[in-house]
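Participant: no sequence on hand, only this structure:
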């Protein structure tokens with residue numbers, strides 16, 4: 001998440017000391033402020049880490065979906081393979097019976113027309129037995145056609161399942177490669193986060209205290225139903241530290257982890273990454289924002305890097321960035337506003 005809100009929290013805390021140092025050393029000459037440098041480092045490194053982290057989470061979700069497709073396709077192959085084997089066995093069994101009848105008829109057995117003629121007591125007997133023989137032949141042919149149709153249907157289904165399996169396997173392989181590439185980037189992002197932590201540690205005690213504050217601790221009234229439940233759940237985590245990749249109550253959250261957890265408390269499942277969380281729900285214009293709406297930040301839908309939840313028409317609760325805690329802030333402190341979604345209602 002971009003730490004634009006750090007500017008508001010830190011500048012006031014470090015501005016006086018920066019001016020004092022500049023004046024005492026050389027009046028009229030500005031000097032570098034380590035606290036401000038650390039702040040910029042936090043902003044840059046945490047934003048990069050969050051962007052990569054959100055991409056990684058989205059890639060994990062995508063890979064899981066493709067692996068599920070592959071498992072389903074493989075199961076279909078097994079199912080249709082068994083059906084094909086059973087249909088082929090029945091076809092062979094009945095084909096043998098038909099062949100026996102045909103052979104007996106050819107050899108002049110009791111079902112042939114000649115036998116019917118010789119054993120019949122009258123012309124009507126001959127006609128009756130001939131009709132029975134013809135009916136038997138048609139029944140045999142009809143049943144054999146049915147079995148052959150079942151074999152073809154099972155064979156076609158297995159072929160389609162095999163094609164689906166190959167497609168799913170190719171998609172899974174591609175997703176695994178993307179995830180592996182992102183893993184390399186995430187390793188670098190982890191280092192960036194650690195650097196951000198070191199940068200925060202360099203801030204003055206007053207600045208760190210300001211960053212760690214839980215913001216507005218007032219009471220907020222949310223809408224009835226799931227949105228209100230999710231909002232109160234998120235608010236209950238005020239003061240919990242930001243943790244990159246975090247998704248545990250009382251322990252630590254990143255922005256999308258907080259949203260996923262809060263909505264889960266309301267019985268609603270949403271994706272893990274911020275970009276994926278923009279998918280469900282209906283879009284809401286900024287002018288119509290209300291408590292419970294989920295707001296997103298980024299340049300494009302695929303590049304969303306931060307998410308929070310409105311607790312009033314102008315304020316949101318979110319997990320900001322490294323060194324901060326879950327807090328309520330004014331929506332106006334954030335840049336790169338992209339859009340909002342209303343999951344229920």
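Facilitator: The structure has been received and is ready for your questions. Since this is a predicted model, take the numbers as computed values, not measurements.

Participant: domains of the protein?
Facilitator: Using automatic domain parsing, the domains assigned to the chain come out as 66-191, 214-345.

Participant: low pLDDT regions in the stretch 151-300 of the chain?
Facilitator: Within the stretch 151-300 of the chain, the ranges that satisfy pLDDT under 70 run 200, 204, 206-216.

Participant: tell me where it has helices.
Facilitator: 205-212, 226-235, 255-265, 274-277 (DSSP state H, counting those that start in this stretch).

Participant: out of these, flag the one nearest residue 170.
Facilitator: helix 274-277 (22.4 Å; CB to CB). Just so you know, the C-beta spots here come from the backbone N, C-alpha and C atoms, and that holds for glycine as well.

Participant: contacts for that closest one?
Facilitator: 54-55, 57-58, 61, 255-256, 259-260, 270-271, 294, 296, 298, 301-307, 341 (CB atoms under 8 Å, 6 or more residues apart in numbering).

Participant: in JSON lines: the domains of the chain, plus distance to residue 198.
Facilitator: As requested, those are arranged in JSON lines below (distance: least, CB to CB, whole Å):
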{"stretch": "domain 66-191", "distance to residue 198": "11"}
{"stretch": "domain 214-345", "distance to residue 198": "10"}
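
Participant: nearest to residue 197, out of those?
Facilitator: Nearest of the domains of the chain (CB to CB): domain 214-345, 6.0 Å.

Participant: tell me the most buried of the domains of the chain?
Facilitator: Mean neighbours per residue, mean count of other CB atoms under 10 Å, is largest over these for domain 214-345, with a mean of 19.

Participant: for residue 285, which non-adjacent residue is spatially closest?
Facilitator: If the residues on either side of it in the chain are set aside, residue 285 comes closest to residue 340, at 7.8 Å by CB to CB, 6 or more residues apart in numbering.

Participant: same check on residue 318?
Facilitator: Nearest non-adjacent residue to residue 318 (CB to CB, 6+ apart): residue 308, at 3.2 Å.

Participant: quick one on the thing from earlier: between the helices of the stretch 151-300 of the chain, which one is nearest to residue 192?
Facilitator: Closest among the helices of the stretch 151-300 of the chain, using CB to CB: helix 255-265, at 16.5 Å.

Participant: other residues contacting the closest one?
Facilitator: 1, 50, 54, 57, 226, 229-231, 233-234, 237, 243, 245-249, 253, 269-274, 277, 294, 306-309, 317-320, 326, 343.

Participant: surely residue 223 meets residue 293?
Facilitator: No. If you go by CB atoms under 8 Å, residue 223 and residue 293 don't touch, sitting 9.6 Å apart.

Participant: residue 334 contacts residue 306, correct?
Facilitator: Yes. In this structure residue 334 lies within contact range of residue 306 using CB under 8 Å: 7.4 Å.

Participant: confidence score at residue 97?
Facilitator: You'll see residue 97 listed with a pLDDT of 66.

Participant: cool, and residue 144?
Facilitator: 66.

Participant: what does the one 3 residues further on give?
Facilitator: At residue 147, the pLDDT value in this model is 70.

Participant: elements contacting the host helix or strand of it?
Facilitator: In the assignment (DSSP states H and E), residue 147 maps to helix 123-201. Counting contacts by 3 or more CB pairs under 8 Å, 6 or more residues apart in numbering; DSSP states H and E, helix 123-201 packs against helix 34-107, helix 113-119.

Participant: and with 10 Å instead?
Facilitator: helix 34-107, helix 113-119, helix 205-212 (3 or more CB pairs under 10 Å, 6 or more residues apart in numbering; DSSP states H and E).

Participant: would you single out the least confident of these?
Facilitator: helix 113-119 (a mean of 50).

Participant: about what we covered before: helix/strand/coil for the residue nearest to residue 318?
Facilitator: strand (DSSP: H, G, I helix; E, B strand; the rest coil).

Participant: residue contacts, it?
Facilitator: 1, 234, 255-256, 258-259, 274, 293-297, 315-320, 326-329, 331, 334, 340 (CB atoms under 10 Å, 6 or more residues apart in numbering).

Participant: quick check: bridge partners of it?
Facilitator: With DSSP bridges as the criterion, residue 308 is bridged to residue 295.

Participant: returning to that earlier point: any residues in contact with both of residue 223 and residue 293?
Facilitator: 231, 342, 345.

Participant: skip the chain neighbours and tell me the closest residue to the last one.
Facilitator: When the adjacent residues along the chain are set aside, residue 345 lies closest to residue 227, with 6.0 Å between them (CB to CB, 6+ apart).

Participant: residues touching that neighbour, list them.
Facilitator: 263, 266, 268, 290-294, 309-310, 342-345.

Participant: just these: which are in strands?
Facilitator: 294, 309-310, 342 (DSSP state E).

Participant: got these as JSON lines, with distance to residue 193 columns?
Facilitator: Output for the ones in strands among the contacts of residue 227, formatted as JSON lines (distance: CB to CB, whole Å):
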{"residue": "294", "distance to residue 193": "24"}
{"residue": "309", "distance to residue 193": "23"}
{"residue": "310", "distance to residue 193": "27"}
{"residue": "342", "distance to residue 193": "32"}
